[in-house]
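Engineer: attaching a predicted model along with its sequence, questions to come.
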Amino acid sequence: MKRRERNSGGMTRRDVLRLGAAAAGAAIGPFVHTPGHGQTFDWKRFRGKELYCIFYKHPWIDEMVKYFPEFTDLTGIKVNHEVLPEVQGRQKLTVEMTAGSGGLDAWHASMHVEKRRFWKSGWFQPLNKLLEDKSLTAPDYDWADMTAGAVAAVTQPDKSISALPTFVDPFVLFYRKDLYQQKGWQAPKTMAELESQAKALHSPPGMYGFVARGLKNANATPWAWVIYAMGAEYLTKDGKSAMGSQAWVKSMEWYSGMLRQYGPPGVVNFNWYECSSAFMQGQVGIYYDGVNFASQFEDTEKSKIAGKVGYAVLPSGPGGHFAPTFTNAMAVSAQSRNKEAAYLLIQWATTKQMCVRELLAGVGVGRVAPWGNAEVKAKPKMPVDWYNAYLGSLKIGKAGLPEIVDVTQYRDIIGVAIQKAIEGAKPADMIAQAHKEFQELLDKTEK
């Protein structure tokens, strides 16, 4: 019997049916369109316009910008843009918006960081009316095809839609499939099983059992899975810090303990780059991070473990089964002098056709239908278990960071606590201090 996991070639019919079922489970209900302004949809309605956009460097953006000449041919709109590292890009965007010049038309928003802050600042142009306008939204755009998690990520407390989802990045488990096969193991189903496997694989200096981000601020995103799996939440029902619970302490004990006992030397200073590099060099047995990092593992020119990686949904814990998700989206600036033309750009960038192109490049998307596209099924960029892990994680996805104004400050608070715990500080003390600082932050920014 032929093995069904492949790095290239077609998926089996069973694979396709399973992926389709997973995707369908993530879909949302229909978006009700209201009549437009008596004008039929026309891509060239704003021909001659020029747009200026800021994009954060990201696999989705790297693929999308390749097709800007096609967008210009389709619409007659020229797109001037910069692609910058996320921190630098957000700084420049903030300067532009604070100045209020109206020169910025659109950007690629990190909703897990910017959602509440930019909404409160009035920087997002609400898209509800534009989506409902049949003269501005192509008849085949199909808002209902967006996954529920993606829509939730771009929807504000007042129900305004701030952006069009591009990439939903769930965290998934990466593991050395070849080593697991040698030991007769399956991907772990529970946190306890993952810990047991990491311990068994740990044989320094040649092999370390486990790695995840240790560096402050960066470590706040993988940390989300641990607190959810332990049954913790960020906020109480009345919006206060929920860090005072024992679940937070147990989370700190588990995460810091795993990195201290089974992580590589210096893991306290590892961001995603160092984690991914150690894994690709064959130095680590188990790693978890955003699904978008996986394509590099299969690059035979860069990775020593190409073809040897297994992908799985993160295991469950005492508090349940969750996957933290982080969503990016195309947004229109509320200050733009070309809002409708900018809306055409972000609409085009998030069509089913563009999402198919992203999938063919090994970049995940927030839509449902493209996963079942015939070309995607015939030419999968990644192994089948990558698709299963991705879609399975979307079904149990939960926003990976608290939806508050100052997400960055929260990440600094918990990030320092995690680092100190990895270095040996008492987890309960670190959580108590973080709880105090987080509540002070909420008191200051969430009024």
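Structural biologist: Cool, got the structure.
Engineer: go through stretch 400-420 and flag the buried ones.
Structural biologist: With burial defined by 16 or more other CB atoms under 10 Å, the residues of stretch 400-420 counted as buried are 400-420. For glycine as for every other residue, the C-beta is placed from the backbone atoms N, C-alpha and C.
Engineer: so Glu375 is in which element?
Structural biologist: helix 374-378 (DSSP states H and E).
Engineer: other SSEs contacting that helix?
Structural biologist: Helix 374-378 sits against helix 352-360, with contacts defined as 3 or more CB pairs under 8 Å, 6 or more residues apart in numbering; DSSP states H and E.
Engineer: shaky segments in the stretch 1-150 of the chain?
Structural biologist: Scanning the stretch 1-150 of the chain for pLDDT under 70 picks out 1-38.
Engineer: swap the cut-off to 80 and go again
Structural biologist: Confidence mapping of the stretch 1-150 of the chain against pLDDT under 80 gives the ranges 1-39.
Engineer: show me where it has its helices.
Structural biologist: In chain order, the stretch 1-150 of the chain shows helices spanning 13-25, 59-64, 68-75, 86-99, 111-121, 128-132, 148-154, with DSSP state H, counting those that start in this stretch as the criterion.
Engineer: how distant is the second one from the center of its chain?
Structural biologist: In terms of CA atoms, centre = their mean, to the nearest Å, the centre of helix 59-64 is set 14 Å apart from its chain centre.
Engineer: then the shortest one?
Structural biologist: On the basis of CA atoms, centre = their mean, helix 128-132 sits 25 Å off its chain's mean C-alpha point.
Engineer: buried stuff in that helix?
Structural biologist: For helix 128-132, a neighbour-count test (16+ other CB under 10 Å) marks 130-132 as buried.
Engineer: the third one now?
Structural biologist: Of all the residues in helix 68-75, those buried under the rule 16+ other CB under 10 Å are 68, 71, 75.
Engineer: which one among those gets closest to Tyr208?
Structural biologist: Phe68 (42.4 Å; CB to CB).
Engineer: wait, that closest one touches Val79, no?
Structural biologist: Yes - here Phe68 reaches Val79: they are 5.2 Å apart, a contact under CB atoms under 8 Å.
Engineer: and which of the buried residues of helix 68-75 is nearest to Glu50?
Structural biologist: Closest to Glu50, out of all of the buried residues of helix 68-75 and judged by CB to CB, is Thr75, at 11.5 Å.
Engineer: quick one: the closest one from Lys66, how far?
Structural biologist: 16 Å (CB to CB, to the nearest Å).
Engineer: tell me how many other residues crowd the residue lying closest to Ala138 once chain neighbours are set aside.
Structural biologist: Sequence neighbours aside, Phe41 is the residue nearest to Ala138 in space, at 5.5 Å (criterion: CB to CB, 6 or more residues apart in numbering). The number of residues packed near Phe41 is 16, by other CB atoms under 10 Å.
Engineer: the one 4 residues further on now?
Structural biologist: Arg45 has 17 neighbouring residues, counting by other CB under 10 Å.
Engineer: likewise for Thr236?
Structural biologist: Look at Thr236: counted by other CB under 10 Å, it has 12 neighbours.
Engineer: wait, doesn't it sit right on Ser245?
Structural biologist: No - contact criterion CB under 8 Å: Thr236 and Ser245 do not qualify, at 9.4 Å.
Engineer: for the stretch 301-447 of the chain, give me the ranges with low pLDDT.
Structural biologist: Applying pLDDT under 80 to the stretch 301-447 of the chain flags residues 447.
Engineer: recalculate using a threshold of 90.
Structural biologist: By pLDDT under 90, the low-scoring segments of the stretch 301-447 of the chain are 361-364, 366, 368, 371-372, 376-382, 384, 387-388, 391-392, 394-399, 446-447.
Engineer: got a list of what the most centrally placed residue in the chain touches?
Structural biologist: Nearest to the mean C-alpha position of the chain, counting by CA atoms, centre = their mean, stands Asp169 at 2.3 Å. Going by CB atoms under 8 Å, 6 or more residues apart in numbering, Asp169 touches 290-292, 325-328, 364.
Engineer: distance check, the nearest residue to Ala212 once chain neighbours are set aside against Tyr255.
Structural biologist: Nearest residue to Ala212, sequence neighbours excluded (CB to CB, 6+ apart): Pro222, at 4.6 Å. Pro222 sits 8 Å away from Tyr255, going by CB to CB.
Engineer: next: Gln91.
Structural biologist: Counting by CB to CB, the gap from Gln91 to Tyr255 is 30 Å.
Engineer: of those two, who's got more company?
Structural biologist: Legend: neighbour count by other CB under 10 Å for Gln91 and Tyr255, higher for Tyr255 (24 against 12).
Engineer: that's a helix at that one, yeah?
Structural biologist: Yes - under DSSP: H, G, I helix; E, B strand; the rest coil, Tyr255 sits within a helix.
Engineer: excluding its backbone neighbours, what's nearest it?
Structural biologist: Distances taken as CB to CB, 6+ apart place Val226 nearest to Tyr255, at 4.9 Å, with adjacent residues excluded.
Engineer: read off the pLDDT value for the one you found.
Structural biologist: On pLDDT, Val226 comes in at 98.
Engineer: what helix or strand is it located in?
Structural biologist: Val226 is part of helix 220-229 when elements are defined by DSSP H and E.
Engineer: in stretch 86-104, what counts as buried?
Structural biologist: Applying a neighbour-count criterion of 16+ other CB under 10 Å, one finds 89-90, 93, 96-97, 104 buried in stretch 86-104.
Engineer: Asp105: neighbour count?
Structural biologist: Neighbour count for Asp105, taken as other CB under 10 Å: 28.
Engineer: ok, it - contacts?
Structural biologist: The neighbours of Asp105, taking CB under 8 Å, 6+ apart as the test, are 51-53, 332-333, 336-339, 341-342, 345.
Engineer: touching, Pro427 and Ala421? I think so.
Structural biologist: Yes - the pair Pro427 and Ala421 passes the contact test of CB under 8 Å, sitting 5.0 Å apart.
Engineer: what is in contact with the two at once?
Structural biologist: 252, 256.
Engineer: and the nearest residue to Leu359 once chain neighbours are set aside, how far is that from Asp140?
Structural biologist: Using CB to CB, 6+ apart and skipping residues adjacent in sequence, the residue nearest Leu359 is Val376, 4.8 Å away. Note on Val376: its distance to Asp140, by CB to CB, is 18 Å.
Engineer: and for Lys120?
Structural biologist: Per CB to CB, Lys120 is found 34 Å from Asp140.
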